[in-house]
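Novice: Got a sequence here, can you model it:
(one chain, ligands or ions: 1)
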Amino acid sequence: MDTGIKLEERTDTGVGNGKNGVNGGSASPPSTLVTIPPGTPPLTRRHVLKRPPVDIEFSDLTYVVPVGRNGHKMILRSISGLFKSGELTAILGPSGAGKSTLLNVLAGYKTQDATGAIYVNGRPRDMKQFRKLSRYIMQEDLLQPGITVVESIRIAADLKLGNTLSRKEKSETVEEIMSLLSLARCRNTLTTLLSGGERKRLSIALELVNNPPVIFLDEPTTGLDDVSSAQCITLMKALAAEGRTVICSIHTPSARLFAMFDHVYIVSEGQCVFAGQNQHIVPFLAQHDLYCPKHYNPADFMIEVSSGEYGNFTEKLSKTVDNGRCFRWNQENQSSSIRRPLGRDDRGPRKTYESHSKHLYDFDSSSWSQFLILLNRMILQHRRNKGYLLLKAVMFVFVSLIIGGMFFQMGNDGSKTIFNFGFCFVTIIVFLYIPMLPVLLHFPQEVQLLKREYFNRWYSLNAYFFAMIFSRIPLQMMLSTVYIVLAYFLTDQPMEWSRGLKFAAICYLIAITSEGMALTISSRLSIVNSVFVGPCLSVPLMLLAAYGLGDSDHIPILIRLAMYFSYLRYGLEGLTMAIYGDNRAKMMCPTEEMVCELREPRALLKEVGMEDVDYWTDFVALVGIFVLFKLTLYVFLRQRLSSRKSWSALSYVIRFIKSYIEH
Ligand SMILES: Nc1ncnc2c1ncn2[C@@H]1O[C@H](COP(=O)(O)OP(=O)(O)OP(=O)(O)O)[C@@H](O)[C@H]1O
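Specialist: Model prediction:
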């Protein structure tokens, strides 16, 4: 089965449905249980731009994922539906029914394996334009660590509002959002210390900064207690009542929560088994001789029916609602408008988003501002992560003392030249592992955060990528200096500025290249796989660094080719040349030694086959490999963040490799 992108997408997105935002004509009667406390500030805040309403319709949506090497699994089966602005919609269903998948496809988070059509205000969805209108709050509340609540919202406001508001207006916006989401009390708490409810509210606050007209939430109440869940849904209801389209997937809601939803869409085995107002569910089921017991939560009953507890009704119910096309239960009067002409733009002339406010939905901050804001955020996070910095510095001190002790005073000892060459080899291993391992553990999580922020259009990948490079390199160099200085002095290497600087430069290059390699590996893999693949790849790199030393004529051609890619070999050559190159004078030979065969530096270089090696060639090769890793990282990240077809080939290759690693 063809699983390519087949969602209809065009460049001319439609707009405005003629309603002016408020729950105009939403068929659901206001629930008596929904209480927005008196005095609650209006959700459309003073300094925030007005957004036009957005209706989302989908037709014959099918989602098929590849399973194993040849199999497929159909998760969504040709379902249809309509989610209107001004309404709070719940997508309900038993576990594994396909709720999150539906949300992912509608939000545009996953489009690759989907087929069918999605319409925005009656016109085929233009994904580029739609991404500017919608925000997706995912189930896991991934928040940037090392910053406080107020700092998080300020950074989001700086990135999203750019120069559209003055500094004072932006501060007011931040304060308004904090009070709206009851976050003022924990304004100075680090995000990592927040409770589940506070994390969820902060996730919502961050996406509300520039007032999106469409909000998707994946299971917003999971992990929250009854009170926090009710607060969260009340807030969603209030946001919808202001004209936004709010769609959330939700697991078995209590009767109280269930009554708050304006529109309920129930999924079972990838099919729609009900779409309409919550009060119609009980009569709907009664039509099929399924009677909800008195005082029983209709949501629970519906889920039990969908789970097959009363027999298999999925096909029958799905047929009755025409797999989501039937509009009968969406309104008070159920006798009319049985089937919706999905996708037909029948609401008269309207402006397009392009003409309405094209510039409002582009990035409001320039790439340069995004870069500076992200750089500041990353530096702040590094500074706050004192435990990690200290641990890394202590590791470097510890390793340099151990290595310094093992090779103590051998640098100028002609009888220990070969051991001192061993010091160079050990040094490249240090700068392979210490910069690499923490990245393999940490970066897969950071990629998840990047995906969330990028998908919700906080910044461009270029801004993030360069901020990451510029925040990491100085830190890596600072920490590496600890080892370089201690080990260099303890092992008594030549006290010449030029040699010391050349030695340090190669160490820095190996360190940042190792970090680059780790970033590249972990940009595509989970933590477990990264931690496995990284050290495994290091073994051939180390072997290639030392393979055939002194006997390079007999190295097989394939290994010789592979050597060109082993940056550790260039590193080893560079360190050796820094210490022994440039016609270094003979080393001292201790009196107790009869002969010091290798006291002449040239003799060592000949022994290890490096007489013709040029330090600057190695230096340039290391820079080249560093740049190559960075470019690969950029391509991998772009591919990971993109749903464009042009990346499909690369993504299939990566999927194929991963299917071997992960099975
Ligand atoms: N990439 C995938 N490969 C294979 N199966 C998948 C994939 N993604 C989802 N599924 C399967 O599709 C089904 C629907 O998944 P989905 O996450 O949409 O369910 P859900 O209704 O949100 O469930 P829950 O309420 O438990 O989160 C599940 O059985 C899941 O295992």
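Novice: I'd like the distance from stretch 380-395 to the chain centre, please.
Specialist: 23 Å (CA atoms, centre = their mean, to the nearest Å).
Novice: I misspoke; the intended subject was stretch 54-64.
Specialist: That offset, for stretch 54-64, works out to 24 Å (CA atoms, centre = their mean).
Novice: in this protein, what secondary structure element scores lowest on mean pLDDT?
Specialist: The weakest-scoring helix or strand in the chain, judged by mean pLDDT, DSSP states H and E, is helix 353-357 (a mean of 38).
Novice: Where does the residue of the chain most remote from its centre sit: helix, strand or coil?
Specialist: Of all residues in the chain, Met594 has its C-alpha farthest from the mean position, at 63.4 Å, by CA atoms, centre = their mean. When classified by DSSP: H, G, I helix; E, B strand; the rest coil, Met594 comes out as coil.
Novice: Likewise for the one 3 residues further on?
Specialist: The three-state assignment at Glu597 reads coil, by three-state DSSP.
Novice: Run a quick neighbour tally on it.
Specialist: 14 (other CB atoms under 10 Å). For glycine as for every other residue, the C-beta is placed from the backbone atoms N, C-alpha and C.
Novice: show me the contacts for it.
Specialist: Counting by CB atoms under 8 Å, 6 or more residues apart in numbering, Glu597 makes contact with Ala603.
Novice: so what pLDDT did it get?
Specialist: As predicted, Glu597 sits at a pLDDT of 83.
Novice: same deal with Lys73?
Specialist: For Lys73, the predicted pLDDT is 87.
Novice: part of a helix, is it?
Specialist: No - assessed with three-state DSSP, Lys73 is strand; it does not lie in a helix.
Novice: The residue lying closest to it once chain neighbours are set aside: neighbour count?
Specialist: In space, and not counting its chain neighbours, Lys73 is closest to Val67: 4.8 Å by CB to CB, 6 or more residues apart in numbering. Using other CB under 10 Å, Val67 has 10 other residues around it.
Novice: Ok, the one 5 residues further on next?
Specialist: By the other CB under 10 Å criterion, the neighbourhood of His72 contains 13 residues.
Novice: quick one: Leu432 and Gly571, what's the gap?
Specialist: To Gly571, Leu432 is 8 Å away according to CB to CB, to the nearest Å.
Novice: which neighbours do these two share?
Specialist: With CB under 8 Å, 6+ apart, Leu432 and Gly571 have common neighbours Ile510.
Novice: Check which residues of the one helix or strand Asn462 maps to are buried.
Specialist: Assigned by DSSP states H and E, Asn462 falls within helix 461-490. Residues of helix 461-490 classed as buried: 463-469, 471-473, 475-477, 479-480, 482-484, 486-488, 490 (neighbour count, 16 or more other CB atoms under 10 Å).
Novice: Please name the nearest non-neighbouring residue to Leu257.
Specialist: For Leu257, the closest residue by CB to CB, 6+ apart turns out to be Ile233, at 5.3 Å.
Novice: which of the residues in the helix or strand containing that neighbour are buried?
Specialist: Ile233 belongs to helix 226-241 when assigned by DSSP H and E. Using 16+ other CB under 10 Å as the test for burial, helix 226-241 gives 228-241.
Novice: Output the residues you listed as a markdown table; include the columns distance to the ligand and pLDDT.
Specialist: Shown next, in a markdown table, are these (distance: CB to the nearest ligand atom, whole Å; pLDDT from 0 to 100):
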| residue | distance to the ligand | pLDDT |
| --- | --- | --- |
| Ser228 | 19 | 76 |
| Ser229 | 15 | 81 |
| Ala230 | 20 | 84 |
| Gln231 | 22 | 80 |
| Cys232 | 17 | 80 |
| Ile233 | 17 | 86 |
| Thr234 | 22 | 86 |
| Leu235 | 22 | 82 |
| Met236 | 18 | 85 |
| Lys237 | 21 | 88 |
| Ala238 | 25 | 84 |
| Leu239 | 22 | 83 |
| Ala240 | 21 | 87 |
| Ala241 | 26 | 87 |
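Novice: Alongside the ligand, which residues does the stretch 1-150 of the chain contribute?
Specialist: 65, 67, 73, 75, 93, 95-101 (CB under 6 Å from any ligand atom).
Novice: and Ser59, helix, strand or coil?
Specialist: strand.
Novice: Report the beta-bridge partner residues of it.
Specialist: Taking DSSP bridges as the rule, Ser59 bridges to Ala117.
Novice: how many neighbours does it have?
Specialist: Ser59 has 21 nearby residues by other CB under 10 Å.
Novice: Can you give me the pLDDT of the residue in the stretch 101-250 of the chain that the ligand sits nearest to?
Specialist: Across the stretch 101-250 of the chain, no residue is closer to the ligand than Thr101, which sits at 3.4 Å (CB to the nearest ligand atom). For Thr101, the model assigns a pLDDT of 92.
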